[in-house]
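build the 3D model from these lines:
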Amino acid sequence: MTGELDAALAGAELLGEEEIVWPNAVLRRRAYLLSRLPPLELVTSVRCIVLDGEQALVVFGARDTHIVPGGRREPDETPEQTARREVLEETGRLLGPLTLVGCFALRHLAEPPPDHPRREFLQLVYVAEAVGYDAGALEHDPADGESAFMPLEQVRALPISPLELALLKRARQLHQAGA
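As a prediction, this is how the structure comes out:
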């Protein structure tokens, strides 16, 4: 990463990096642990690891299987509001208190597509316990796929990004500590 993101992530612990492919872009994705919010102008979306006791919510999407439902921030939203709205729309889950775990720092490896003008950007990652379900709030987008809670041992055996699993490990630690 360069410039703005380097400054925003100074002192944050790097968990690793990988290359990911989106339908219209290839990106370098790094995962970091965070204890404070970075500048919000760098945050384009917010994700959340959703727990239910010893289970994690898994999303079986059209392109991948993951544990970080979420999406783009609206201009007038706080990161917490974005996490709650996006998780509710994608999975129907209502969230308890949110705790910041870390972020994904992403960089387009080629010219960014027109619908995503920033070359570098952040996706915040929170952890929260599921406190309810509202099927009526689901916005059925085939790309979002289906979601279900699974025991943590089974989650670790799924084809999920090692970076997401590293954030899950930290999320569990924070959640168990009551942070």
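
dihedrals phi and psi, the residue nearest to Tyr133 when sequence neighbours are not counted?
Spatial nearest neighbour of Tyr133, chain neighbours left out: Gly92 (5.2 Å); criterion: Cβ to Cβ, 6 or more residues apart in numbering. Where C-beta positions appear, they are placed from N, C-alpha and C, glycine not excepted. Reported as degrees, to the nearest 10, the phi and psi values for Gly92 are phi 80, psi 0.

right, and Gly92 touches Glu139 too?
No - with contact defined as Cβ atoms under 8 Å, Gly92 does not reach Glu139; the gap is 9.6 Å.

neighbour count for these two, which is higher?
More neighbours surround Gly92 than the other of Gly92 and Glu139, with 17 against 10 (other Cβ atoms under 10 Å).

after the longest strand belonging to the chain, next one along is what?
The residue-count maximum for a strand in the chain (DSSP state E) belongs to strand 120-133. Of the helices and strands lying after strand 120-133 in sequence (DSSP states H and E), the nearest is strand 146-151.

what's the angle from that following strand to strand 120-133?
80 degrees (axes from the mean of the first three to the mean of the last three Cα atoms, to 10 degrees).

name the helices or strands packed onto strand 146-151?
On a contact count with 3 or more Cβ pairs under 8 Å, 6 or more residues apart in numbering; DSSP states H and E, strand 146-151 meets strand 55-60.

how distant is the strand it packs on from the center of its chain?
Taking Cα atoms, centre = their mean, to the nearest Å, one finds strand 55-60 lying 12 Å from the centre of the chain it belongs to.

extract the CA atoms of that strand and return them as CSV.
Extracted as CSV, the C-alpha positions of strand 55-60 are listed here (Å, rounded to 0.1, in the frame of the first residue of the first chain):
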residue,chain,number,x,y,z
GLN,A,55,-20.9,-20.7,15.7
ALA,A,56,-20.1,-18.2,12.9
LEU,A,57,-22.4,-17.0,10.1
VAL,A,58,-21.2,-18.4,6.8
VAL,A,59,-22.3,-16.8,3.5
PHE,A,60,-22.4,-19.2,0.5
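
next structured bit after it?
Counting by DSSP H and E, the next helix or strand C-terminal to strand 55-60 is strand 65-66.

which other residues reach that following strand?
Strand 65-66 is touched from outside by Val58, Val59, Leu158, Pro159, Ile160, Ser161, Glu164, with contacts defined as Cβ atoms under 8 Å, 6 or more residues apart in numbering.

which of these ranks first by neighbour count?
Highest neighbour count within the contacts of strand 65-66: Glu164, with 25 neighbours (other Cβ under 10 Å).

show me the beta-bridge partners of the residue nearest to the spatial centre of the chain.
In the chain, the centroid-proximal residue (Cα atoms, centre = their mean) is Arg47; its distance is 2.8 Å. Arg47 forms beta bridges with Gly70, Val125, as assigned by DSSP bridges.
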